[in-house]
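Colleague: What would the 3D arrangement of this be:
(2 chains)
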Amino acid sequence: MCFEAIERLPKNSVVMISIDYDAASEPELQPMLVAVLRHCFAKDLKVILMGHWALGLPLGEIALNQVAREYKKVYGEDYVNLGYRPGYVAQMVGIGREIRDFFAVDYKGIPIDSFPFMRQVHTYNDIDILFGLEAGATGDAWVQYAGARFNQKMFFGATGVVAPDYFPYLQAKQIEGIIAGLQGAAEYETLIKQAGSAILGMPAQSVVHGLIILFIIIGNIGYLLTRKKK
Amino acid sequence: MIGNIIGTWIAATLTIAILSFLYRDNPLYKLAEHLYVGVSAGFWVIYVWSFDVKPMLIDRFVSATGIEKWILLVPAILGIIMLSRWIPQYGWISRIPISFTVGIGAGLGITASIQGFILPQIQATLLPLNTINNIIIVIGFITTVFYFYFSREHKGFLKISSRLGVIFIMVAFGASFGYTVMARISLLIGRVYFLLHDWLHIL
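Modeller: Presented below is the predicted three-dimensional model:
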């Protein structure tokens, strides 16, 4: 569903990516970010990167620079990095009025109006889809403020721990889709036909899951045998 | 380049130090743990200064004029008052900024929860019973609510419903647990990948 949400967008549509995670969730969420960025740049979409987890922004910048180089995209023309600003709830509500109230300049302090495509971006109406990379509860705020108040279309990439909390939003059609955990990232990499670190991690995931299932079965057999003895 | 190499070696050493806890608690683990807490705290101080205090208070106070300048004294004073908790006899003053923060949080949060969470979620359970999925969702929703209904003793119909509700709750917990296991393994994979790829260049 997330793949289709990006696939449906026409050339030059604006995608906003929110980095709502930090290094502790990097193994799961970074492959998602790289895969979605590759998809966006392959389709010539404009990307706005920002984030509500200050310590995660450098990770976003690393991925953005890496993928932009791969696709020969130019900063300011094809993508911008707005960086971090404090007060995420006020920000989410404020972007509904005017993005410049919070992000008048990018992360380097350059006025966003000096970037051609940013001149057209003022509110959620000018952002075609939002992609939130979620390792906590910031996604709830996106749904409740940007989604419910301003009808902003969005989809999430979530860590395995928080993904179950976001599935009710998907069922209620409040979000377009979820990329859940490393498995979700591997599925996205498969869909864009570019293997990355998520696919690389899948054999290890499968073996460990098999082992855990085996341990659960052994544990239950042990429990049943002990109960029988008693 | 040399900075990257040094950084990778420090990260690899600290990763091994943290993983050494699997054997048992040891000084190397403690060092890595304390270093992590200290660096995180230090990083936050810099971030709060660089992103909050300096650009939003000091720089704006210097550049703004008229009422826009003096209104900044309100958050500055509220922020300073918050620190009064350190002086026991004046600690009560900190309730003013706390109540201000709670008020804003409640004002924004109540509307958002109703508009963005409660109503859409209720709406999503009011489904026609024409597919198996819809039937499961409706039964799951009703029986789970019954489980949390404590005003009457769970006997008869209420007992059967709440038992069914427990099954749905357990399935939800199971799904969460499964995802959590996957997440934790992913983190381990991430660390092992870092050690083998970025540090040792084996992968």
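Colleague: Now name the helix or strand holding the residue in chain B that chain A sits nearest to.
Modeller: Closest residue of chain B to chain A, C-beta to the nearest C-beta: residue B:190 (2.4 Å). Quick note: C-beta positions are derived from backbone N, CA and C, even for glycine. If you go by DSSP states H and E, residue B:190 is part of helix B:157-193.
Colleague: circling back to that earlier point, if I follow the layout properly, the residue of chain B closest to chain A ends up in contact with residue A:23?
Modeller: No - taking contacts as C-beta atoms under 8 Å, residue B:190 lies outside contact range of residue A:23: 9.8 Å.
Colleague: What does the pLDDT read for the most centrally placed residue in chain B?
Modeller: Among the residues of chain B, residue B:180 comes closest to the average C-alpha position under C-alpha atoms, centre = their mean, at 15.0 Å. With respect to pLDDT, residue B:180 scores 91.
Colleague: circling back to that earlier point, so which of residue B:190 and residue A:23 has more stuff around it?
Modeller: residue B:190 (21 against 14; other C-beta atoms under 10 Å in any protein chain shown).
Colleague: before we move on, back to that, what's the offset of the helix holding residue B:190 from the middle of its chain?
Modeller: 19 Å (C-alpha atoms, centre = their mean, to the nearest Å).
Colleague: Let me see the contact set for the residue nearest to the centre of chain B.
Modeller: Contacts for residue B:180 (C-beta atoms under 8 Å, 6 or more residues apart in numbering or on different chains) come out as A:160-161.
Colleague: go on, the one 5 residues further on?
Modeller: Under the criterion of C-beta under 8 Å, 6+ apart, the contact list for residue B:185 reads A:204-205, A:208-209.
Colleague: again, but for residue B:79
Modeller: residue B:97.
Colleague: quick one: buried residues of the helix or strand containing it?
Modeller: Assessed by DSSP H and E, residue B:79 sits inside helix B:73-82. By neighbour count on 16 or more other C-beta atoms under 10 Å in any protein chain shown, the buried set for helix B:73-82 is B:81-82.
Colleague: and it, C-alpha only, in PDB?
Modeller: Extracted in PDB, the C-alpha atoms of helix B:73-82 (Å, rounded to 0.1, in the frame of the first residue of the first chain):
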ATOM      1  CA  LEU B  73       9.900  37.700  28.500                       C
ATOM      2  CA  VAL B  74       6.800  35.600  29.400                       C
ATOM      3  CA  PRO B  75       8.200  32.200  28.300                       C
ATOM      4  CA  ALA B  76      11.600  33.200  29.600                       C
ATOM      5  CA  ILE B  77      10.200  34.000  33.100                       C
ATOM      6  CA  LEU B  78       8.100  30.800  33.100                       C
ATOM      7  CA  GLY B  79      11.200  28.800  32.200                       C
ATOM      8  CA  ILE B  80      13.200  30.300  35.000                       C
ATOM      9  CA  ILE B  81      10.400  29.800  37.500                       C
ATOM     10  CA  MET B  82      10.400  26.100  36.600                       C
END
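Colleague: next helix or strand past that helix?
Modeller: Helix B:73-82 is succeeded, C-terminally, by helix B:95-113 (DSSP H and E).
Colleague: other SSEs contacting that next one?
Modeller: Here helix B:95-113 touches helix B:73-82, going by 3 or more C-beta pairs under 8 Å, 6 or more residues apart in numbering or on different chains; DSSP states H and E.
Colleague: so for the helix it packs on, what's the average pLDDT?
Modeller: Helix B:73-82 comes out at a mean pLDDT of 92.
Colleague: That helix vs helix B:95-113, what angle?
Modeller: 110 degrees (axes from the mean of the first three to the mean of the last three C-alpha atoms, to 10 degrees).
Colleague: So residue A:12, which state does it fall into?
Modeller: Assigned with DSSP: H, G, I helix; E, B strand; the rest coil, residue A:12 falls in the coil class.
Colleague: Would you tell me which residues of chain B are close to chain A?
Modeller: Proximity of chain B to chain A, by C-beta under 8 Å from any C-beta of the partner chain, involves residues B:40, B:43, B:47-48, B:51-52, B:56, B:108, B:112-113, B:115-117, B:120-121, B:123-124, B:137, B:172, B:175-176, B:179-187, B:189-193, B:203.
Colleague: correct me, but residue A:17 touches residue A:46?
Modeller: No - counting by C-beta under 8 Å, residue A:17 does not reach residue A:46; the two are 11.1 Å apart.
Colleague: Flag every buried residue along the helix ranked longest in chain A.
Modeller: In chain A, taking DSSP state H as the definition, the longest helix is helix A:197-229. Of the residues in helix A:197-229, A:197-202, A:204-205, A:208 count as buried by neighbour count, 16+ other C-beta under 10 Å.
Colleague: ok, and the closest non-adjacent residue to residue A:18?
Modeller: Using C-beta to C-beta, 6 or more residues apart in numbering or on different chains and skipping residues adjacent in sequence, the residue nearest residue A:18 is residue A:132, 4.6 Å away.
Colleague: All the strands of chain A, in order from the start?
Modeller: Residue ranges of the strands in chain A, as given by DSSP state E, are A:14-20, A:46-51, A:79-84, A:129-134, A:154-158, A:178-180.
Colleague: now these in JSON lines, with distance to residue A:72?
Modeller: Below are the strands of chain A laid out as JSON lines (distance: least, C-beta to C-beta, whole Å):
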{"stretch": "strand A:14-20", "distance to residue A:72": "18"}
{"stretch": "strand A:46-51", "distance to residue A:72": "14"}
{"stretch": "strand A:79-84", "distance to residue A:72": "12"}
{"stretch": "strand A:129-134", "distance to residue A:72": "22"}
{"stretch": "strand A:154-158", "distance to residue A:72": "25"}
{"stretch": "strand A:178-180", "distance to residue A:72": "26"}
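Colleague: Give me whichever of these is most buried.
Modeller: By mean neighbour count, with neighbours taken as mean count of other C-beta atoms under 10 Å in any protein chain shown, strand A:154-158 ranks first of the strands of chain A at a mean of 28.
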